[in-house]
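K.L.:
structure for the following, please:
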Amino acid sequence: MTNTTDSTRIDPTPIGLLGGKVVLITGASRGIGAAAARLFAREGASVVLAARSAEALDRLVADVRADGGVADAVGLDLADRASIRAAVARVEDLHGRLDGAFNNGAAIQHPGPLDTTSDDDIDEQFAVNFRGHWTAMAAEAALMRRNGAGSGSIVNTSSIGSRRANPALPAYGAMKRALNSITETAAVSWARDGIRVNGITPGGTATEMIDAWEAATPGVIERMKSTIPLGRMAEPREIAEVAAWLLSDRASYVTGAMIPVDGGAGA
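P.N.:
Alright, predicted model coming up:
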């Protein structure tokens, strides 16, 4: 992977932020999702990791368990609504309840201007980055209600590109902006059920997705870093830290928020 960060971060000591919680993570096989899997487990959660890559998930589950955590894997294709519902049902089979969900899975579009974006790209963006999250949220909330505990927390990964014009990734930005809308709507709709719904809007983060964008558009990483006041890309764990807080009881009065995690780039 391209070295897109400029500083070495100290890994904070776990404090049991998610102790006793069952948390589903989509897009868990790499990047922010994989970082979240490790972090949430260290913070005491029993994690269920969902993605298409069974081999990568199995390796991650083995790593989490070797570190003393509780983890299971389930196959998931966010473009397939039946697959999403089956993954949430698997959480119920494993644990009987769901306390938190980090909807982090996404598809990246081929970079290019709006008028050359293909119909296939638009369809994939709609299916994965919008409809997939809608389906996941509805299934997760239904299981949280069945818990009988009167509480739950959902966090959706959006993007800094949802907050402004996105000439390089127009379909991606549009679907992420739509995701912001349903995140806020769900927060209002499900508040009386005790379910909090929030989103995060990461900026440039050192993931495989950014590496793919760099390969297609050389120089994009340096251009991105030049717009970030902190002067570097985020590490995936830094994004996961914010999601962990939102999923925790420390954020008990936070719902309907879209929190920038972008090193000041959106300021």
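K.L.:
and residue 257, how many neighbours?
P.N.:
Neighbour count for residue 257, taken as other CB atoms under 10 Å: 16. Where you see a C-beta, it was placed from the backbone N, CA and C, and this is true even at glycine.
K.L.:
cross-check the contact I'm expecting between it and residue 198.
P.N.:
Yes - at 4.8 Å, residue 257 counts as touching residue 198 under the criterion of CB atoms under 8 Å.
K.L.:
what's near enough to touch the nearest residue to residue 51 once chain neighbours are set aside?
P.N.:
Leaving out its chain neighbours, the residue that sits closest to residue 51 by CB to CB, 6 or more residues apart in numbering is residue 29, at 3.8 Å. Neighbour list for residue 29: 49, 51, 52, 53, 56, 57, 60 [criterion: CB atoms under 8 Å, 6 or more residues apart in numbering].
K.L.:
now with 6 Å?
P.N.:
Contacts for residue 29 (CB atoms under 6 Å, 6 or more residues apart in numbering) come out as 51, 53, 56, 57.
K.L.:
could you do residue 265 as well?
P.N.:
Per CB under 6 Å, 6+ apart, neighbours of residue 265: 203, 227, 228.
K.L.:
kindly recompute the last result at 8 Å.
P.N.:
With CB under 8 Å, 6+ apart, residue 265 has these contacts: 160, 203, 204, 227, 228, 229.
K.L.:
which of those are buried, as a PyMOL select command?
P.N.:
In PyMOL, a selection of the buried entries from these looks like this (16 or more other CB atoms under 10 Å):
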select buried, resi 160+203+204+228
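K.L.:
in this protein, where's the longest helix?
P.N.:
Counting residues, the longest helix in the chain under DSSP state H turns out to be helix 170-189.
K.L.:
counting contacts, what elements does that one pack onto?
P.N.:
helix 132-147, strand 152-157, strand 195-202, strand 258-261 (3 or more CB pairs under 8 Å, 6 or more residues apart in numbering; DSSP states H and E).
K.L.:
dump the shortest one to PDB, restricted to CA.
P.N.:
Right, the one you point to is strand 258-261. Provided in PDB are the C-alpha atoms of strand 258-261 (Å, rounded to 0.1, in the frame of the first residue of the first chain):
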ATOM      1  CA  MET A 258     -22.800  14.000  10.600                       C
ATOM      2  CA  ILE A 259     -19.300  14.300  12.100                       C
ATOM      3  CA  PRO A 260     -16.400  15.400   9.900                       C
ATOM      4  CA  VAL A 261     -13.200  13.300  10.400                       C
END
